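Chemist: Predicted model, plus sequence, below.
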Amino acid sequence: NAGVTQTPKFRILKIGQSMTLQCTQDMNHNYMYWYRQDPGMGLKLIYYSVGAGITDKGEVPNGYNVSRSTTEDFPLRLELAAPSQTSVYFCASRTGAEETQYFGPGTRLLVL
Amino acid sequence: KQEVTQIPAALSVPEGENLVLNCSFTDSAIYNLQWFRQDPGKGLTSLLLIQSSQREQTSGRLNASLDKSSGRSTLYIAASQPGDSATYLCAVAPFYNQGGKLIFGQGTELSVKP
């Protein structure tokens, strides 16, 4: 199993541009999460999904959108990128029964 | 609103020392508490998960304790090694928690010197 994979690893965006951060898991996990981590800080939840077709907002959803059309994929869309969205983005997944979350390696995003 | 705090933000110890990392949370209504390790430029790896009904969990040289009434957890690392150098984060799952969401502390950056 590859686990949780994220692409790209690093991206520079200009203010106002849009992009999609990709997240895929091959563990057949129902639950998936997007977090952001700012320097020296813990992770904050952006959006989460408890299964295909079901998504909900986390703590810091403004400026982001998600979709979950399959069990495996949970892309995060940034519309109209702003410097405040400069961060490292982590995707995670877990089963419904086990509470441990498995994390991807992260995407580092710089908005200039 | 649940808040999770980890003090200190950074810690440097000589190799072989036993050490304790601290985590505090403001609301005792939690479902579980989890400790993660994060290496530079990498994702998080789960170390230990303590259910709200448990007092501690052990894995190898790691021991995590939970005191819900005081809103505290500690991660004890025995006989520290340079390979233990990383950032350690704790996270709580609130009791009334749809979707298994976690609330994270800001982490303690540990450096173990040879």
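Modeler: Sure thing, it's come through. Numbering: from 1, shown residues only, chains lettered A, B, ... in the order given.
Chemist: Would you work out how far apart the start and end of stretch A:38-45 are?
Modeler: 12 Å (Cα to Cα, to the nearest Å).
Chemist: near chain B at all, it?
Modeler: Yes. If you take Cβ under 8 Å from any Cβ of the partner chain as the test, stretch A:38-45 does meet chain B, through A:Gly40, A:Met41, A:Gly42, A:Leu43, A:Lys44, A:Leu45. Where you see a C-beta, it was placed from the backbone N, CA and C, and this is true even at glycine.
Chemist: Over to stretch A:98-112?
Modeler: Yes. Using Cβ under 8 Å from any Cβ, we find that stretch A:98-112 touches chain B at A:Glu99, A:Thr100, A:Gln101, A:Tyr102, A:Phe103, A:Gly104, A:Pro105, A:Gly106.
Chemist: Contact residues of chain A facing chain B?
Modeler: Residues of chain A found near chain B (Cβ under 8 Å from any Cβ) are A:4, A:31, A:33, A:35, A:40-45, A:48, A:50, A:56, A:58, A:90, A:92, A:94, A:99-106.
Chemist: which residues touch A:Asp26?
Modeler: Contact analysis of A:Asp26 by Cβ atoms under 8 Å, 6 or more residues apart in numbering or on different chains lists A:Asn1, A:Ala2, A:Gly3, A:Glu72.
Chemist: hmm, try it at 6 Å
Modeler: A:Asn1, A:Ala2 (Cβ atoms under 6 Å, 6 or more residues apart in numbering or on different chains).
Chemist: ok, and the closest non-adjacent residue to A:Val60?
Modeler: With sequence-adjacent residues excluded and distances taken as Cβ to Cβ, 6 or more residues apart in numbering or on different chains, A:Val60 is closest to A:Lys44, at 4.9 Å.
Chemist: is it true that the one you found touches A:Glu59?
Modeler: Yes. Using Cβ atoms under 6 Å, A:Lys44 is in contact with A:Glu59, at 5.1 Å.
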